[in-house]
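*Asks:* Quick one, structure for this:
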Amino acid sequence: MVAAAGYGKSALLEQLRPAAGVAVPAARAVEVGLPRSSWLGIENVDRLSTPDAARLLDLVAGLNGTSVVLTSRVPLCAEVRSHLRGPVFERGPADLALDPYAVAVCLARDHGVTDPEVALQVAELTAGWPTLVHFAGDALERHPSIDVRAQLGAPDGPAAHWLNTEVLSALTASQRRMLCLVAGLGPVTQLLCDRLDRAGEAPSGTGEMGGLVDLLEGLGLLVPVRRMTETELVMVPAVADLVAGVGQTAPSPGLSDEQRWSVAADVHTANGAWLPAAHAQARRGDAGSVAAILVKQGENLLRRGDAAGIVSLAGALVTVSSRDDTRPRDPLRERSARLLRRTYAEALRRSGDVTAARRAFAPLVEQAERVGWDAGLAARVAQLHYTKGEFTCALAVLDEAGGHPAPMNQVGVACESSTLSGLRTGTCFAADVVEDEVDQLACRVHVLAVLGRASEATPVAERVLALAEADGGDRVLGVAHLAAARLAHGARKEAHHEQALRSATRANDLATAARVLGAQTHLLLAQARYSEACAGAREAVRLAELSSPPGLRAAALHNLAEALQRTGHYPEARWHLQRSVAICRRLGPARAALGLVGMGDAHGELGHDEQARACYVEAVELARGSGDTQVLVAALSGMARLEAEQAPGANGCDEEDGQRTAGAGVANGRVAAEEASRLAGPDSLPMALTALGWCLLQSGEHQAARECAHQALAAARETRAVDLVAGALLLCSETAGGPASARAYLEEALSIWHGGGAVVAAAKVSVMLGRLVTADSTDRSRAREATRLLQRLGVSRVHGRPLSQAPTAATVVVEVLGTFAVRVAGVDVPLPAWRSRQARTLVKILAAHRGRVVTRARLCELLWPDDDPARTGHRLSVLLATVRGVLDPLKAWPADHYIAADQHGIRLVLPLVEIDAEALLGDARHAGELIERGDDELALEILSHVDARYRGDAFEEEPAEEWADALREEVRAAWVRSVRRLATLQARRGRGGDALGLFVRLLSVDPYDEQVHRRLVLSLTRAGRHGEAARAFQRWVSAMREIDAPTPDAALLTPAVSVVTPH
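*Replies:* This is a model prediction of the structure:
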C-alpha cells in the first residue's frame, strides 16, 4: 500500500490482519529479522535507506507460504522494487480514498454532520483523503455554517500545517516549487511540468522534474478523473488551494503569472484539453480566444462533462455580446452570438441551474417564435422543460418547432472569419443539421414515452434511427439507439443499449453514455440482477455527475438506491434517495415524484408506515400534475401495497377501531390499485395488478385475488420483467389452493431473488416457506435465520405479518407444553370464549392423539365418566360446535376445516392445526438425522430451538390423566435426548460453559439420570473446576442413594490427564 500520510494505510492494515497475523515496523524487521507467521504486515518501508529496504525485501522473498503487506508513504524506487518476488498487488491513493457515501458516514459518525450536500462538498474538496475529511469535519463541528473550502485552504490553518509537515516534506524544494506552479492550471501532465521548468530563469536541470507526475500521483496529491476514453490527473482541490496560496507568497524565480498561463494554454491546446485552454486564455485576458474555443468546441465540451466550466467562462461573454448592439449588423457575428448563448444556456441546464438556463434561452426562444425554430434549439429548450418535469410543455415546444422550422439561412453552415466580443482570427464552425434533427426527434420519443403515448413515439423512433444510420456519426448513433431502446423490449432493447453505449464511448459523449447506463441499470433491476445493477448504477452515477443534467443524476441515484435496497444496504440506499429527492426539488416539484416513490418503498420496507404514506401521497400529487404516467402508476401501486399490509389494531388503537381503520385503508388501497391498473402500460401493469391482488386478498376476496395474481404473473412473463414475476409469484403463493402449490411458487421466487443477490427479498421468502403448514424443521430453521437477518436490517414484517410471530402458517396453534393455550390468527383464545372446561379438555384430548381419530364413545367416557352414555352423545355434538366456533370465529371455512368428524370419531386436521409438541418431536427427529449425515451446524440450530420450545411437560395441568401420559413421556424423552446431543455439539465446538449449563438443566428435570451426572462431573474436572466437580459428585451420590442405586467411584474426581492451557 503506497500513499501519503493520512490515507488510512495503518487502519486498513489492521483490518486486513487476521487473528494470527503479525504487524511490525520495517526498521524493527531489518534489525531483528522477520517473525514467523502466515500473514505479515510491515509498516513504513519508506523510512528505510535504499540498501536496508532492498535487504528487507530479500528477507520477504525468502518466505514461503506467507502473505506480506508492505506500507510506504512514497512509491518504492525501481531498485528496491526489483527485489520483490512472486505476485505483487499494489493499492494506491485511489484505492484508499473514501467515496462520497463513506465521507458522509465519516462526517455523521465522527462529527455529527448529516447534510448530504455538505458531505458531497467535502468529498469533492478532499477527493476522499481521509485525514482532510476529518479536518473538514472538525471545522464543521465547531462552526456548521463555515466556508469549508476557505478553512481547509487557510495557509495558517491546521490542515496546511499537517500537509507541510507530513506530506510535502517528501518532496524536494524544486518539486514543491513546481507543485505550486501547476496548482490551478488544470490537468497536470509531465509535459506541462517540463515546459514550466524550462520557462523559468533557473530551471532545475537536475532531472528532478522527470517522473514528478508519477510521484505526485503515487503520493495522492494528484488524483485521476476518468471519463470515457481518457483519464486526467488533477490536483486534490484542497491541496491546490493550499499550495497556490504558498506559491503567491513565494513565486518561482523569473516566471510571471502571464508566463504560467501562456505555457498552460499552449500545452492544453496541444493536448486537445479545450476547457483548461480556455481557462488559461481567460486568465491571460484573451476573451476572443475564449469565445473562439467555446463557439467551436462548445458541443464537444458539453458532451465530455464540462458544463460547469463553460458556465464560469461564458457568462461574461454572453452578457457583453447581448449589450454590443452599436456595431453594424453582421450575420456571422450574430450567428456566433446565438451559438455561444445556446451553449451557455445548455451548460446552465446541465449544471442544474434551470432558472438561469430559462433566462439564457429566453432571447433565443423569442427570436425563434418570430423567425422560426431550428431543430437544435427546439431540442434543448424541450430538454429544459423535461428537466423540470414539464413534459407537456416540452412536447408543445417540439410541436411548434415541427410546424414552424427556421429557414435554411438560419440553420445552414457558416464558415467565415468573424469577431464576437473580441473573437479574432478566422474561427470556423458548422451547425450540424443532422445532429440537431436527431436530437429533436430523440427528445420527442422520450417525452411521448413519459406521457404514455408509445404508439405515437414508435414511428418517430424509427425515423430518428434511419436518419442516424444514414449519417453514420457515432454521436448521433448513440442518441438514436437510446431513443429506439426506449420503446423496444427484450433482446432488441438490450441490443439497442449495447450499440448506443459503444457509439457514445467512441464519441466521448459522457451524457449519452450516462443515459444508456441508467437505462441498462433499470433493465437489470427488472431482470432481478441486483448485484450487476449495483455496479452499473455506480458507473451511471459517476458519469452523470461528470456530465449530465440534474434530472439524469437524480434518476441514476434512484436506480442505485433501488439496487442497494434490494441487496440489503438500507442506510446507503436512503442516503442516495435523499440526494435524488433534493436534486429534484431544486429542479421543480414535479421531478421529485420518482425519488419520493423510492423513499416510500424504503420506509415501507422498514415499517415506517406514516412516512411511507406521506411519500406516496406527495408522489401521486406531483406525478398527476406533471403527467408522468409511469411514476404515477408506481406511486399508486406502492400506496396500495402499503394499505394492504396494515393490520387491525395498528397505531395503538383498540382491536375494533384497528379493524375499522385497516378496513378503510384497504379500501383506499384498492381504489389506488384499480386506478394504477387502468393507467398502466405493459411494463408497469404487473406491478399494478399485484398491488390490486394483495388488496383483494386482505379484503377476503380470495378467488378474485387468485385471478389477479395469475393475471399479474402472465403480464410479467410477457414483458420479461423478472422482478415483477417474483413479486407476482409471492401473491400466487398466498392465494394457492394448497401448500404444495404455495411451496412451488415460493421456491421459484426464491431462486429468482437468490440468483440476483436480492438479500432482503430472499430472506422474506425463506420466512414465508417456514410459515407453510408443510414446513419441516429445516424450513423453520432457515426461516429463523432469515428472521434474524431481517431484524438486523431493520425489517419488521413480511407481507403484513410481524417478524416477531412464530414462523408458522397455521391459523390455529395448540400449545400443550407447559401452560395450555390456543392461538387463533396469532391471538390467544381467552378463557371466556370456551364457555366450559370440557371444551378446552376436548381440544387437549384431540391434541394428545396428534391427528389420530378418537371415537365418540371414548371422548364421552373421558369427558363425562359418570354420566349415562345415552345422554352424552348430544353434549359432545354441542361441545364440538362450540370448539369449532372458537377456532373459526368468522366462519371463513367449512365446519370440518380444523376438526374433522364423522360417525367413526373426531380428529384434529394437523396440516392446518399446529401442535407444538408434534413440531418438537419432528425437529428432534430431523436433528438426529442431520447429525448422522454430519451436518452438525444445522443440527445445532435445530436442537437449540427444540430446547427453547420445551417450556415444560406436556399437559402439566393434567398430571393424573392417562390420555396425556403417552405424549408427555415421548416429548420429555425427545427433549432429553436432544439436549444431550446439543451438549455434545457444544462441547465439540469448545463451548464448555454452554454444555455444563445444559447438563444442570437436565438434572433439574430428572435428578436420577446417571449418564448426565457422569458427564457433568467429568466436564467440570477436565475444565479444572474441581470444587464444582466435588459438589456435583456429592449430589450424584445422594441421588443414587435415594433410589438404592450403586454410587459412583470417587476416582472420577481425579483427572486422567493434566490440564494444559493452550498457547
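
*Asks:* Settle this for me: residue 515 is touching residue 552, isn't it.
*Replies:* Yes. Applying Cβ atoms under 8 Å, one finds residue 515 in contact with residue 552, separated by 6.1 Å. C-beta: built from backbone N, CA, C; applies to glycine.

*Asks:* tell me the contacts of residue 1026?
*Replies:* 1020, 1053 (Cβ atoms under 8 Å, 6 or more residues apart in numbering).

*Asks:* between residue 515 and residue 552, who's got more neighbours?
*Replies:* Per other Cβ atoms under 10 Å, whichever of residue 515 and residue 552 has more neighbours is residue 515, with 30 against 23.

*Asks:* What's the separation between the more buried one and residue 736?
*Replies:* Residue 515 sits 42 Å away from residue 736, going by Cβ to Cβ, to the nearest Å.

*Asks:* next one: residue 855
*Replies:* 34 Å.

*Asks:* And those two? Which one has more around it.
*Replies:* residue 736 (17 against 12).

*Asks:* which ones are touching residue 435?
*Replies:* 376, 471, 473, 475-476.

*Asks:* got the phi/psi numbers for it?
*Replies:* phi -60, psi -40 (degrees, to the nearest 10).

*Asks:* Confidence-wise, which helix or strand of the chain is lowest on average?
*Replies:* helix 408-411 (a mean of 40; mean pLDDT, DSSP states H and E).

*Asks:* Give me the number of neighbouring residues for the nearest residue to residue 891 once chain neighbours are set aside.
*Replies:* Leaving out its chain neighbours, the residue that sits closest to residue 891 by Cβ to Cβ, 6 or more residues apart in numbering is residue 885, at 7.9 Å. Per other Cβ under 10 Å, the neighbour tally for residue 885 reads 15.

*Asks:* Within the helices and strands, which one has residue 822?
*Replies:* Secondary structure assigned from DSSP states H and E places residue 822 in strand 821-824.

*Asks:* go on, residue 42?
*Replies:* Judged by DSSP H and E, residue 42 forms part of strand 39-43.

*Asks:* Can you spell out which helices and strands pack onto that strand?
*Replies:* Strand 39-43 sits against helix 9-16, strand 22-25, helix 26-32, helix 50-61, strand 67-70, with contacts defined as 3 or more Cβ pairs under 8 Å, 6 or more residues apart in numbering; DSSP states H and E.

*Asks:* Check the average confidence over it, would you?
*Replies:* Mean pLDDT, strand 39-43: 93.

*Asks:* can you check stretch 470-488 too?
*Replies:* Rounded mean pLDDT across stretch 470-488 is 93.

*Asks:* And for stretch 981-997?
*Replies:* On average, stretch 981-997 scores 80.

*Asks:* Could you do stretch 83-95 as well?
*Replies:* Computed over stretch 83-95, the average pLDDT equals 88.

*Asks:* picking that back up, most neighbours, which of the contacts of residue 435?
*Replies:* That'd be residue 476 among the contacts of residue 435, by other Cβ under 10 Å, with 28 neighbours.

*Asks:* so it touches residue 468, yeah?
*Replies:* Yes. Contact status for residue 476 versus residue 468: in contact at 4.2 Å, counting by Cβ under 8 Å.

*Asks:* so what sits against both of the two?
*Replies:* Contacts common to residue 476 and residue 468, judged by Cβ under 8 Å, 6+ apart, are 434, 438.

*Asks:* need the contact list for residue 537.
*Replies:* Residue 537 neighbours (Cβ under 8 Å, 6+ apart): 517-518, 521, 556, 559-560, 563.

*Asks:* From these, which land in strands?
*Replies:* In strands, judged by DSSP state E, none of the contacts of residue 537 are found.

*Asks:* Now flag whichever of these is closest to residue 1000.
*Replies:* residue 563 (50.0 Å; Cβ to Cβ).

*Asks:* List the strands paired with the following helix or strand past the strand holding residue 822, with their directions.
*Replies:* As assigned by DSSP H and E, the chain's next helix or strand after strand 821-824 is strand 827-828. According to DSSP bridges, strand 827-828 forms sheet pairs with strand 821-824 (antiparallel).

*Asks:* quick one: buried residues of the partner strand?
*Replies:* 822-824 (16 or more other Cβ atoms under 10 Å).

*Asks:* can you give me how far it is from the chain middle?
*Replies:* 40 Å (Cα atoms, centre = their mean, to the nearest Å).

*Asks:* and the gap between residue 437 and residue 268?
*Replies:* 33 Å.

*Asks:* Helices along the stretch 51-200 of the chain, start to end?
*Replies:* With helices called from DSSP state H, counting those that start in this stretch, the stretch 51-200 of the chain shows them at 78-81, 93-96, 100-111, 116-126, 130-142, 148-153, 158-162, 173-182, 190-199.

*Asks:* can you put these in TSV and add mean neighbour count and distance to residue 631?
*Replies:* Listed next are these as TSV, based on neighbours: other Cβ atoms under 10 Å; distance: least, Cβ to Cβ, whole Å:
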stretch	mean neighbour count	distance to residue 631
helix 78-81	13	55
helix 93-96	18	37
helix 100-111	19	25
helix 116-126	21	22
helix 130-142	21	35
helix 148-153	19	35
helix 158-162	17	44
helix 173-182	21	47
helix 190-199	18	47
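
*Asks:* Need those helices in CSV (columns: distance to residue 686).
*Replies:* What follows is the helices of the stretch 51-200 of the chain, written out as CSV (distance: least, Cβ to Cβ, whole Å):
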stretch, distance to residue 686
helix 78-81, 57
helix 93-96, 42
helix 100-111, 32
helix 116-126, 33
helix 130-142, 44
helix 148-153, 47
helix 158-162, 54
helix 173-182, 56
helix 190-199, 56
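
*Asks:* I'd like to know which of those is closest to residue 716.
*Replies:* It's helix 100-111; of the helices of the stretch 51-200 of the chain, that one is closest to residue 716 (Cβ to Cβ) at 32.2 Å.

*Asks:* Alpha carbons of the closest one, as PDB, please.
*Replies:* Provided in PDB are the C-alpha atoms of helix 100-111 (Å, rounded to 0.1, in the frame of the first residue of the first chain):
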ATOM      1  CA  PRO A 100     -18.800  10.200  -1.200                       C
ATOM      2  CA  TYR A 101     -21.000   7.900   0.900                       C
ATOM      3  CA  ALA A 102     -18.000   6.900   3.000                       C
ATOM      4  CA  VAL A 103     -17.300  10.600   3.500                       C
ATOM      5  CA  ALA A 104     -20.900  11.100   4.600                       C
ATOM      6  CA  VAL A 105     -20.700   8.200   7.100                       C
ATOM      7  CA  CYS A 106     -17.400   9.600   8.500                       C
ATOM      8  CA  LEU A 107     -18.800  13.100   8.900                       C
ATOM      9  CA  ALA A 108     -22.000  11.900  10.500                       C
ATOM     10  CA  ARG A 109     -20.400   9.300  12.800                       C
ATOM     11  CA  ASP A 110     -17.400  11.300  14.000                       C
ATOM     12  CA  HIS A 111     -18.500  14.900  13.700                       C
END
